[in-house]
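Novice: Model the following, please.
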Amino acid sequence: MAPSRGSSFNNHSSSPSQPLSLSTTLSRMSSPPTREEQRYDAADPIIPIAHIKSNLSAQHQHQASEIGAEPQPKRGRVDEIVQEGDEEKRNLTNRSSSLSTDKTLSSPSHTNLAAGCTYGPIINTEYLEETKIKLEPELLSLIEHNGEEHRILWVDFPPLSPQNPFYFSQTRKYGITIVATLFTLMTSMNVGAFSIGMESLTEDLGCTREQAAIGLGIYNFGFAAMPLILAPLSEEFGRRWTYVIAVILYLIFHIMIAVAKNLPTMLLARVLQGCSGSVAATLVGGTIADIYIPADRGLPSAIFAFSAIAGSGLGPFIFCWVESNPKLQWRWIWWIQAMMIAALIIPIFLVMRETRESIILRRRAKKLRKERGLNDGGRYTARSEVGKVNFTEAMKTSSLRAITFLLVEPILLFFSIWMGIGWGVLYTMVTGLSYNFKAVYGFTTNQVGLAYISITIGALFGFGYNFLQDAMYRRKVEEKGIEARLYAPMVAGLTFAVGCFIFSFTSISSISYIVPCFGIVVIIAAVFTIYISAFVYISECYGSYASSAIAAQSFLRNSFGGAFTFFTLQMYDALTPKWTTFTWGCVALLLSAVPFVAFYFGPKIRARSKYSKILMKEEQERIMREKEILDGLG
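Specialist: Numbering: from 1, shown residues only. Next up, the predicted model:
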């Protein structure tokens, strides 16, 4: 029986000139490329794989038809897959190919390929130059010196394969989501924990309040910079090992800050914490995209967003008693967190599995080459091996890709600025809430810790509102496409400003502290909604390169958050908390136009986009391949 997520796929036909509406669970996609667009020289170094995979698929179909073999629709153009879907249905589990009529092949007269694999183009010098596939020396010698001809054998997942991240069991998906978001929660708690422990830290290290606040800001700068090179790390080593290494390093840097004897050591530990902890902020989004189709990403993405925001309030709430105890204070805040992270290492190691499709298929191709060699008439090759460059070059390209997306993609740029302001206000709350409640209401450290829980309550309201947004998305996706993700942020943009105004005009001693706390709840609920909706919207706009788009957004968002911490206390001193928050409320009101513009003009903006239209199409092709398998299995 097909997995439940596949049951929602329906057959559709579409004119090649019209956008495809795949099903009630899928977003619309742009029209397929014309034949003129399907050329090797169309490949862009920023997103090379998306073009090349499509080109190779089209070329393979053309070659297969010339030699009398059945064309494989597995990775063909989407319009051809949909229009010919009824004719091409077959049981893919028993698929085999006989190419005995092709006299150019050095394969047996009848060959059964490994399950899920298909014949590709003939390997020649021009092909190798275009695709940059690196052959084994022995095979290269056979082709160049002996004149033998071999084919590429494309490696894919067998139908309904448990190795395919889309077909992981629900238990495994839940486990992966939980351990990944627990890591996110701990990186978020770090922020609030540092804030609540700043008073004893300044006394112990002999630094000023402003110098201590630098530690809060540079943690965010680590979060901003590191994601720019995380994509090649996960591409080279896989997501699983990136998680494992990151959480171990995160533990080490917690111990480093716990034993720090001076301000420079503490600040170095903070920036390194940010670099290692950024995996929990950036890679989790890619992991969710790996194992869930777009329609199913709402809940896990909401859990991730809740962890990323709620922890900022949970940290002070949990550790205020540590700070207020003269025998413990700031060092034990970090020792306790180190113990919690050490306990997380084992679940991450045991539960986390590799979810990046390219890594899994590359490993499968390598295993098939070792076990079967050239016995099946060609070289088993994963599509991710096409255009693969060395690690150093990949790092340069990844950093360039994220910055390029940020500069040339208007949707990404304006959403990132909007989210950056939201994140900045969040950090204004985290940094200045203690200042505000101690100065205005005379709160003790423990009372301030309790006030911080309003951040977590706001995240809970935002989390609940996400279910309403998800339901609206499912009802409206056929009509509005991915813009159906924007109903909630259109409302949240306005309530964000309202929350700022509530907090700014009620933070006075004559008004109960409950009222400004309510303002904080409204602000954080709005920030949560903006964050999660924009996160999913951007993921769907940039498909397989969502990690790069999210890295670009994370760079700007965390840069804003880090920068705000440097001048928040000075603004509070100069303007008072009232007018500081009012100022950011006015900016939030101005930026509330962003989701409205995206809602009404998003399709037109993406149609002129250099990258988004290509990547959305590639993402839908991936889903269509799964639809085809399910149709073939009946």
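Novice: in the protein, which segments are predicted with low confidence?
Specialist: 1-111, 231, 543-544, 612-634 (pLDDT under 70).
Novice: The closest residue to A488 other than its chain neighbours - how many residues pack around it?
Specialist: Closest residue to A488 apart from its sequence neighbours, by CB to CB, 6 or more residues apart in numbering: Q469 at 3.7 Å. Where you see a C-beta, it was placed from the backbone N, CA and C, and this is true even at glycine. By other CB atoms under 10 Å, 24 other residues sit near Q469.
Novice: Please list all residues in contact with Q469.
Specialist: Taking CB atoms under 8 Å, 6 or more residues apart in numbering, we find Q469 in contact with 298, 485, 487-488, 529, 533.
Novice: Highest neighbour count among those?
Specialist: For the contacts of Q469, neighbours tallied by other CB under 10 Å; top is R485, 32 neighbours.
Novice: now the closest residue to that residue other than its chain neighbours: how far from A549?
Specialist: Leaving out its chain neighbours, the residue that sits closest to R485 by CB to CB, 6+ apart is Y537, at 4.4 Å. For Y537, the distance to A549 (CB to CB, to the nearest Å) stands at 10 Å.
Novice: Tell me which of the two has more neighbours.
Specialist: With neighbours defined as other CB under 10 Å, Y537 and A549 compare such that A549 has more, 28 against 23.
Novice: what about the more buried one, helix or strand, and which?
Specialist: Per DSSP states H and E, A549 falls inside helix 546-591.
Novice: Report the buried residues of the next helix or strand after that helix.
Specialist: Counting by DSSP H and E, the next helix or strand C-terminal to helix 546-591 is helix 593-607. Buried residues in helix 593-607, counting neighbours by 16 or more other CB atoms under 10 Å, are found at 594-595, 598-599, 602-603, 605-606.
Novice: what's the answer for stretch 384-402, then?
Specialist: 384-388, 394-395, 397-399, 401-402.
Novice: Identify the farthest-apart pair in those.
Specialist: E385 and A402 (23.1 Å; CB to CB).
Novice: in the stretch 101-250 of the chain, which spans are strands?
Specialist: 118-122, 151-154 (DSSP state E, counting those that start in this stretch).
Novice: name the element F405 belongs to?
Specialist: helix 391-408.
Novice: Just give me how far the helix or strand hosting P300 sits from the chain centre.
Specialist: If you go by DSSP H and E, P300 is part of helix 298-324. Here helix 298-324 shows a centroid-to-chain-centroid distance of 20 Å under the convention CA atoms, centre = their mean, to the nearest Å.
Novice: so what does it touch, helix or strand wise?
Specialist: helix 170-196, helix 263-291, helix 329-351, helix 410-441, helix 445-451, helix 453-480, helix 514-542 (3 or more CB pairs under 8 Å, 6 or more residues apart in numbering; DSSP states H and E).
Novice: Mind putting these into CSV with distance to L139?
Specialist: Shown next, in CSV, are the helices and strands packed on helix 298-324 (distance: least, CB to CB, whole Å):
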stretch, distance to L139
helix 170-196, 36
helix 263-291, 31
helix 329-351, 37
helix 410-441, 42
helix 445-451, 65
helix 453-480, 46
helix 514-542, 35
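Novice: Which stretch among these is buried most, on average?
Specialist: Among the helices and strands packed on helix 298-324, ranked by average contacts under mean count of other CB atoms under 10 Å, first place goes to helix 514-542 (a mean of 25).
Novice: and K132, how many neighbours?
Specialist: Considering only other CB under 10 Å, K132 is surrounded by 13 other residues.
Novice: Just give the closest residue to it, not the sequence neighbours.
Specialist: G387 (5.4 Å).
Novice: what secondary structure does that neighbour sit in?
Specialist: Of the three states, G387 takes coil according to DSSP: H, G, I helix; E, B strand; the rest coil.
Novice: And it, its phi and psi?
Specialist: phi 70, psi 10 (degrees, to the nearest 10).
Novice: close enough to count as contact, it and T131?
Specialist: Yes: at 6.4 Å, G387 and T131 qualify as touching, with contact defined as CB atoms under 8 Å.
Novice: sorry, back to before: mind putting the strands of the stretch 101-250 of the chain in CSV, mean neighbour count included?
Specialist: What follows is the strands of the stretch 101-250 of the chain, written out as CSV (neighbours: other CB atoms under 10 Å):
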stretch, mean neighbour count
strand 118-122, 22
strand 151-154, 25
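Novice: Dump those strands to CSV, plus distance to I257.
Specialist: Shown next, in CSV, are the strands of the stretch 101-250 of the chain (distance: least, CB to CB, whole Å):
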stretch, distance to I257
strand 118-122, 52
strand 151-154, 49
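Novice: who's in contact with I318?
Specialist: 189, 193, 449.
Novice: Next one: M189 relative to Q273, how far apart?
Specialist: For M189, the distance to Q273 - CB to CB - is 12 Å.
Novice: And for I252?
Specialist: Distance from I252 to Q273, by CB to CB: 9 Å.
Novice: And for E203, the neighbour number?
Specialist: 12.
Novice: quick one: contacts for it?
Specialist: The contact partners of E203, by CB under 8 Å, 6+ apart, come to none.
Novice: Now with 10 Å, please.
Specialist: E203 makes contacts with 212, 329-330, as judged by CB atoms under 10 Å, 6 or more residues apart in numbering.
Novice: got it, and R364?
Specialist: Contacts of R364 (CB under 10 Å, 6+ apart): 114, 116-117, 155-158, 161, 163, 380, 382.
Novice: Tell me which residues of the helix or strand harbouring it come out buried.
Specialist: Assigned by DSSP H and E, R364 belongs to helix 357-372. Within helix 357-372, the residues that qualify as buried are 357-362, 364-365, 368-369, counting by 16+ other CB under 10 Å.
Novice: Now the element after it, going C-ward?
Specialist: Trace forward from helix 357-372 with DSSP H and E and the next one is strand 378-381.
Novice: on that earlier part again, make TSV out of the buried residues of helix 593-607 and add distance to A258.
Specialist: Shown next, in TSV, are the buried residues of helix 593-607 (distance: CB to CB, whole Å):
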residue	distance to A258
V594	41
P595	42
A598	44
F599	47
G602	47
P603	52
I605	48
R606	48
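Novice: Among those, which pair sits farthest apart?
Specialist: V594 and P603 (16.0 Å).
Novice: right, and F560 touches I417 too?
Specialist: Yes: using CB atoms under 10 Å, F560 is in contact with I417, at 8.2 Å.
Novice: Name the nearest residue to G206, ignoring sequence neighbours.
Specialist: L263 (7.9 Å).
Novice: do A338 as well
Specialist: Nearest residue to A338, sequence neighbours excluded (CB to CB, 6+ apart): H254, at 4.1 Å.
Novice: Quick check: that neighbour touching M266?
Specialist: No: taking contacts as CB under 10 Å, H254 lies outside contact range of M266: 11.8 Å.
Novice: and for those two, which residues touch both?
Specialist: W334.
Novice: Pull the contacting residues for the spatially most central residue of the chain.
Specialist: Nearest to the geometric centre of the chain sits G285, at 2.7 Å (CA atoms, centre = their mean). Remark: with contacts taken as CB under 10 Å, 6+ apart, G285 is in contact with 180, 184, 227, 297, 300-301, 304-305, 535-536, 538-539, 546-547, 549-551, 553-554.
Novice: Please report the distance of it from Y292.
Specialist: From G285 to Y292 the distance is 11 Å (CB to CB).
Novice: so what sits against both of the two?
Specialist: 300-301.
Novice: that older thread, quickly list what's touching both of Y537 and A549.
Specialist: 411-412, 415.
Novice: Just put these in TSV and tack on distance to I346.
Specialist: Shown next, in TSV, are those (distance: CB to CB, whole Å):
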residue	distance to I346
I411	40
L412	37
F415	37
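Novice: now, which of those sits nearest S507?
Specialist: Using CB to CB, the shared contacts of Y537 and A549 come closest to S507 at F415, 29.5 Å.
Novice: Can you tell me the closest non-neighbouring residue to that closest one?
Specialist: Once flanking residues are discounted, F415 sits nearest to A534: 4.7 Å by CB to CB, 6+ apart.
Novice: Perfect, that will be all.
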